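1. Sharing a model prediction with you, sequence too.
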Amino acid sequence: MGDFVQLIVSGTATGAIYALAALGFTLLWQAAGVINFAQGEFVMLPAFAMLFFIAAGLPLWLAFLLTCAVAMLVLGYGFKRVIVDPLIRHGVIPLVIATLGLSMAVKSTVRAGYSAEAHPFPSPFPDGQFALAGINISYADIGTLVLAGAIVIGLQAFLNKTVTGRAMQAVAQNTEAARVLGIDVRRMVLYVFLINAVLAVVAALLITPTYLAKFDMGDSIGQKAFFAAIIGGFNQTRGALLGGVLIGILENVVGFYVSPAYKEGVALVLFLLVILFRPEGLLGRSEERKV
Amino acid sequence: MNAKGIALIVALAALAALAAVMKRSDVYLMTLCCVYLMATFGLNLTVGYAGQMSLGQAAFFGIGAYCAAILLKFGWPFFTVLPVAALLCFVVGLALGFPALRVQHHYLAFATLGFNILVFLIMRNEEKITGGTFGISSIPRPSVFGFSTDHHLAYFYFTLVSLVIVAGLLWWLLRSPWGRAFAALRDNPIRAESLGVNITAYTLLAFAIGAACAGIGGVYYASLVEFIEPGPFHFSTSLMMLLAVIVGGSGRFFGPVIGTIVIILLPEILRSSNMEALKFMQKWYLVFFGVAVVALMIWLPGGILSLFDRRAKTPAKELAK
């Protein structure tokens, strides 16, 4: 029983990180109609950027803040201006292909220009674990849960309680109507790209201590992010959260009780089950097609 | 027979004659191109004609290859293995495509991507069946009408003829009413549906036929390399195959030819070269390729082949639907 609870706790922590990446993915899809296949690389690049700042002698928190700023500029604004804006008028498929190309280019650049090795990454939380009612829980898991939870709640509050947040939701729901109501659609879409970049940096901060910084670390987290987004419901921000945590827990349970070799397959099986029985996702609403 | 047909026959004959005087390793590369072309021609049906993204073509390629390796080593004849592998991939394609295509367009991309990862895991972990990372070795080459294809040149001719047959069947399919329905549902799915085309069924069919083509390619691959392990069937191969179709020009019959030559031959040429500049390119090749894909999507989303008929038509817009 103790084992099981530990698996659930650490699975929830990992799932919360998937959820962060999935959240950015969902927001981009809702507000801008962008499916970003380079989402995993958006997590990998900040990991290396933080390592770079740490190597330059900065403490982790400062490296994190600086990386956030750089990521908003490059992965937020730059990505939107250079890749999304010229391509969005061609439709979804060319944009998807372009993000696939981008993902390959970014990965290979890190590999050829920097290193193909896995680099250790400092954990933002203290080592060790504490016992609670006979169950050992690591500080890292608790820290991850608290930080990821705080960010998700903060983001929800921002989207639901502030004028800007509600304007962003309006853009996501009906771009035309939002424009008629005098909302600066382009600005709101830009905000979504910036938020996505910051979410990716936080995901990098939390996951790299266990995954290690490596050029292909984004493959796995990118996949988990979009499976989580679909499982939860592509048009619901809460869905990404549920999907991420569900995948994290089930991966841990399957890895422990069934076979660690098939841990990576869990997300796919869950995804296929969900689209067979509840295609709009666990929390999603079905969408109407426009002619 | 029109001018294009004659040009094609002349080109094939020239290729066959050229192979006779080429080095063994070059003939091997050309055979490899033919094998990959079977898979990318099939993928073009899914991507270019039915308008679906598939990121799992290497998985079907691998299923075909492993199916061939296992059955050929059991002593099954090659021409029995071939339809079995194709049928297996077709059925698996239906089973995978059905849930994904019922929902939304881009879901097939995710489903095939995950499927590729799962298939790769099975190939690596189920040692009893697939040999795990050790793979399966000494896969026999077939005899065709009593002629052995053990010699590299004989196997190249055999593969080339088979490729022409596969491509010919696809050509015929695309000119049949079925094929026209594929294009119709890519260009405007809702209009096609209102004209009585069952979108889901046709898209599913296109995807499954594409998968079967990859399975056939896999069978030829297994016999060509005579040793298979999970490596070549990784998701990255699927990605390269998809990009090969897109770069050449998806929805154009000969689009995959250009793309496949770029992804198969170019890295090999860079690898075998001794020039310093090309050695540098070898390391950065994937970076340039990735950037080129992004640039191509921005300026020429119809692929390289669309350069030639830019003035005649504007096919770039078709892809965008």
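-> Now that the structure is in, tell me what you want to look at. Note that the structure is a prediction, hence the values are computed from the model and not measured.
2. got the residues of the stretch 151-300 of chain B near chain A?
-> Neighbours of chain A within the stretch 151-300 of chain B, by CB under 8 Å from any CB of the partner chain: B:190, B:235, B:239, B:242-243, B:246, B:283-287, B:289-294, B:297-298. Every C-beta, even on glycine, is put in place using the N, C-alpha and C of the backbone.
3. Assign a three-state SS to residue B:141, would you?
-> The three-state label given to residue B:141 by DSSP: H, G, I helix; E, B strand; the rest coil is coil.
4. Isn't it up against residue B:222?
-> No - with contact defined as CB atoms under 8 Å, residue B:141 does not reach residue B:222; the gap is 9.7 Å.
5. the more surrounded of those two?
-> Per other CB atoms under 10 Å in any protein chain shown, whichever of residue B:141 and residue B:222 has more neighbours is residue B:222, with 30 against 20.
6. mind checking the SS state of that one?
-> helix.
7. Now do the helices in the stretch 201-321 of chain B.
-> In the stretch 201-321 of chain B, helices defined by DSSP state H, counting those that start in this stretch lie at B:235-248, B:255-272, B:276-299, B:316-320, listed in chain order.
8. contacts for the longest one?
-> Residues from elsewhere that reach helix B:276-299, judged by CB atoms under 8 Å, 6 or more residues apart in numbering or on different chains: A:83, A:86-87, A:90, A:94-95, A:97-98, A:100-109, A:112, B:243, B:246-247, B:263, B:266-267, B:269-271, B:273, B:303-304.
9. Do I have it right that residue B:118 meets residue A:268?
-> Yes - between residue B:118 and residue A:268 there is a contact at 5.4 Å, judged by CB under 8 Å.
10. Let me see the contact set for residue A:123.
-> So residue A:123 contacts A:140, A:209 (CB under 8 Å, 6+ apart).
11. from what I can see, it looks like it's in a helix, true?
-> No - assessed with three-state DSSP, residue A:123 is coil; it does not lie in a helix.
12. Could you list the low-pLDDT ranges of the chain?
-> Defaulting to chain A. The model of chain A has pLDDT under 70 over residues A:1, A:235, A:285-291.
13. try again with chain B
-> For chain B, applying pLDDT under 70 flags the ranges B:1, B:104-105, B:309-321.
14. what helix or strand does the residue in the stretch 51-200 of chain B that chain A sits nearest to sit in?
-> Proximity of the stretch 51-200 of chain B to chain A (CB to the nearest CB) peaks at residue B:114, 3.1 Å away. Taking DSSP states H and E as the criterion, residue B:114 maps to helix B:107-125.
15. Please look at residue B:98 and residue B:201 and confirm they touch.
-> No - using CB under 8 Å, residue B:98 is not in contact with residue B:201; the gap is 10.0 Å.
16. returning to what we had before: ok and the helix holding residue B:114 relative to helix B:235-248, angle-wise?
-> Put simply, helix B:107-125 runs at 140 degrees to helix B:235-248, going by axes from the mean of the first three to the mean of the last three CA atoms, to 10 degrees.
17. Is it correct that residue B:72 is in contact with residue B:79?
-> No - Residue B:72 is beyond contact range of residue B:79, at 11.2 Å (criterion: CB under 8 Å).
18. neighbour count winner among those two?
-> More neighbours surround residue B:72 than the other of residue B:72 and residue B:79, with 22 against 10 (other CB under 10 Å).
19. residues contacting the residue of the stretch 51-200 of chain B closest to chain A?
-> Residues near residue B:114 by CB under 8 Å, 6+ apart: A:223, A:227, A:265, A:267, A:268, A:271, A:272.
20. give me that answer again for 7 Å
-> Neighbouring residues of residue B:114 by CB atoms under 7 Å, 6 or more residues apart in numbering or on different chains: A:223, A:227, A:267, A:268, A:271.
21. neighbour-wise, which of residue B:98 and residue B:201 wins?
-> More neighbours surround residue B:98 than the other of residue B:98 and residue B:201, with 18 against 13 (other CB under 10 Å).
22. Can you give the distance from whichever strand or helix holds that one to the centre of its chain?
-> Element membership for residue B:98, per DSSP H and E: helix B:78-103. Relative to its chain's centre, helix B:78-103 lies at 15 Å (CA atoms, centre = their mean, to the nearest Å).
23. swap in stretch B:266-274?
-> Offset of stretch B:266-274 from its chain centre (CA atoms, centre = their mean): 22 Å.
24. Repeat that for stretch B:20-30.
-> Relative to its chain's centre, stretch B:20-30 lies at 21 Å (CA atoms, centre = their mean).
25. Give the buried residues for it.
-> B:26, B:27, B:28, B:29, B:30 (16 or more other CB atoms under 10 Å in any protein chain shown).
26. The first one: what secondary structure?
-> Reducing the assignment to helix, strand or coil with three-state DSSP, the entry for residue B:26 is helix.
27. count of neighbours near residue A:60?
-> Number of residues near residue A:60 (other CB under 10 Å) recorded here: 15.
28. Could you find the closest non-adjacent residue to residue A:143?
-> residue A:125 (3.6 Å; CB to CB, 6 or more residues apart in numbering or on different chains).
29. Oh, that last question was meant for residue B:213, not what I typed.
-> residue B:42 (2.5 Å).
30. do the same with residue B:247
-> Nearest residue to residue B:247 in three dimensions, chain neighbours excluded: residue B:259, at 4.3 Å (CB to CB, 6+ apart).
31. Residue B:243 now?
-> residue B:293 is the one closest to residue B:243 (CB to CB, 6+ apart), at 5.8 Å.
32. Could you measure from that neighbour over to residue B:42?
-> Distance, residue B:293 to residue B:42, by CB to CB, to the nearest Å: 21 Å.
33. which one of these two has more residues nearby?
-> residue B:42 (33 against 21).
34. Can you tell me what sits against the strand or helix carrying the more buried one?
-> According to DSSP H and E, residue B:42 maps onto helix B:24-44. For helix B:24-44, the surrounding residues in contact (CB under 7 Å, 6+ apart) are B:19, B:54, B:57, B:61, B:152-153, B:155-156, B:159-160, B:163, B:166-167, B:170, B:209-214, B:216-217, B:220-221, B:224, B:241-242, B:244-245, B:250, B:255-257, B:259-261, B:264-265, B:268.
35. coming back round to it: wait, what's in contact with the residue nearest to residue A:143?
-> Per CB under 7 Å, 6+ apart, neighbours of residue A:125: A:139, A:140, A:143.
36. Next, it: phi, psi?
-> With angles defined as degrees, to the nearest 10, residue A:125 sits at phi -110, psi 160.
37. What of residue B:234?
-> According to degrees, to the nearest 10, residue B:234 has phi -70, psi 160.
38. Run a quick check on it versus residue B:120, I expect a contact.
-> Yes - in this structure, residue B:234 is within contact of residue B:120 by CB atoms under 7 Å, at 5.7 Å.
39. ok, those two, which is more surrounded?
-> Between residue B:234 and residue B:120, counting by other CB under 10 Å, residue B:120 is the more crowded of the two (22 against 19).
40. For that one, give its distance to residue B:63.
-> 11 Å.
41. does residue A:10 really touch residue A:252, like I thought?
-> Yes - look at residue A:10 against residue A:252 with CB under 7 Å: they come within range, at 6.1 Å.
42. neighbour count winner among those two?
-> The residue with more neighbours, out of residue A:10 and residue A:252, is residue A:252; 23 against 20, by other CB under 10 Å.
43. Which helix or strand contains the more buried one?
-> helix A:237-257.
44. same question, residue A:130
-> Counting by DSSP H and E, residue A:130 is found in strand A:129-132.
45. Could I get the CA-only coordinates of that strand as CSV?
-> What follows is strand A:129-132 as a C-alpha-only set of coordinates in CSV (Å, rounded to 0.1, in the frame of the first residue of the first chain):
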residue,chain,number,x,y,z
GLN,A,129,12.5,12.8,1.8
PHE,A,130,10.2,12.8,4.8
ALA,A,131,7.9,10.2,6.3
LEU,A,132,4.2,10.9,6.6
